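Asks: below: sequence and its predicted model.
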Amino acid sequence: MAGLDDVFGDIFSNVDAVMLFGPSGSYYERFATIDDIDVIVVGTENDLGADVFVELPLEFDEVGERISFGVEGGLEQGVIEGGDELVCATSVFDDEIDTVSRVRASADDRTGIYDLFAKSRAEPEVIKAVVELAIELGKKGQKGKPVGALFIVGDAGKVMNKSRPLSYNPFEKSHVHVGDPIVNVMLKEFSRLDGAFVISDAGKLVSAYRYLEPSAEGVDIPKGLGARHMAGGAITRDTNAIAVVLSESDGLVRAFKAGELILEVDPEAY
Ligand SMILES: Nc1ncnc2c1ncn2[C@@H]1O[C@H](COP(=O)(O)OP(=O)(O)OP(=O)(O)O)[C@@H](O)[C@H]1O
Ligand SMILES: [Mn+2]
């Protein structure tokens with residue numbers, strides 16, 4: 001009699017590698033006894049001390065994004081190759097792994113998510129902190145009202161040259177960095193005001209209230225969005241910065257690199 005294995009078994013046939021997203025220690029150990037299979041652990045931290053590990057900068061809530069990131073990271077690190085057949089195991093409903101999907105690694109249709117964090121001028125930790133801050137701002141808003149915000153991260157000298165002050169820069173003589181708890185409070189407070197925050201590669205707050213004047217134009221932004229997203233996107237074509245934008249109108253956090261929209265997350269989903 002045919003069983004489920006006969007039907008679903010195809011998912012596991014001729015697999016080059018297994019990617020385990022945030023497995024528990026005991027789950028991971030069970031793979032040690034399976035022959036001829038590469039096991040790659042993907043997660044925000046390598047707390048299992050896995051030999052082959054791909055770091056996730058965020059707990060991507062959307063499973064497609066999470067898997068895309070893992071696969072891109074694997075390709076980038078050379079632990080998998082284009083054309084490899086992968087089984088990706090992750091959790092969707094619970095902390096435990098409950099879902100398996102079969103993916104073919106393709107070097108061609110990459111989303112750029114991995115590059116955004118791992119291969120930008122700014123340090124990955126800084127980009128991560130800024131994205132998290134934007135998500136947090138998006139969740140809470142300011143006193144219950146939706147807020148918008150624009151963060152330009154990395155290549156700050158060039159960004160400063162392509163922008164001008166809208167007001168007194170509160171960070172003029174300070175040495176504060178994103179991720180410091182006090183800075184997060186300040187940034188949230190200042191986010192009510194116009195313009196962009198400029199942040200250095202290492203996370204130093206260079207300026208607030210910058211009006212961006214990129215020379216690049218014609219970046220594609222989603223319908224319904226305006227000057228903030230256009231300016232943020234365009235400056236990343238002009239410079240090696242990335243832009244993290246929280247939209248006041250639709251509440252989403254987006255990231256741009258080299259003029260392209262790379263990441264779109266709904267703060268409410270976090
Ligand atoms: N070139 C720029 N540099 C910095 N900030 C800008 C620039 N253009 C607009 N902004 C800021 O973006 C705010 C919103 O502008 P606008 O509504 O056109 O943008 P948007 O892309 O639709 O963003 P949102 O979704 O938040 O409304 C402005 O009030 C201003 O503070
Ligand atoms: Mn708008």
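Replies: Looks like it arrived, so ask away. Ligands and ions are numbered 1, 2, ... in the order given.
Asks: can you list the residues of the protein near ligand 2?
Replies: Neighbours of ligand 2 within the chain, by Cβ under 5 Å from the ion: G226, S249. Quick note: C-beta positions are derived from backbone N, CA and C, even for glycine.
Asks: buried residues, the biggest helix by length in the chain. List them.
Replies: The longest helix of the chain (DSSP state H) is helix 124-140. Neighbour counts over helix 124-140 (16 or more other Cβ atoms under 10 Å) mark 126-138 as buried.
Asks: buried set for stretch 89-96?
Replies: The neighbour-count check on stretch 89-96 (16+ other Cβ under 10 Å) flags A89, T90 as buried.
Asks: CA-only coordinates of it in CSV, if you can.
Replies: This file holds the C-alpha atoms of stretch 89-96, laid out as CSV (Å, rounded to 0.1, in the frame of the first residue of the first chain):
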residue,chain,number,x,y,z
ALA,A,89,13.6,22.9,7.5
THR,A,90,12.2,25.7,9.6
SER,A,91,9.4,26.6,12.0
VAL,A,92,6.3,28.4,10.9
PHE,A,93,3.8,27.9,13.7
ASP,A,94,6.0,27.2,16.7
ASP,A,95,9.5,27.2,18.0
GLU,A,96,10.0,23.7,16.8
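Asks: once you drop chain neighbours, what's closest to T99?
Replies: Distance criterion Cβ to Cβ, 6 or more residues apart in numbering; nearest residue to T99, sequence neighbours excluded, is V92 at 4.6 Å.
Asks: residues in contact with that neighbour?
Replies: V63, D98, T99 (Cβ atoms under 8 Å, 6 or more residues apart in numbering).
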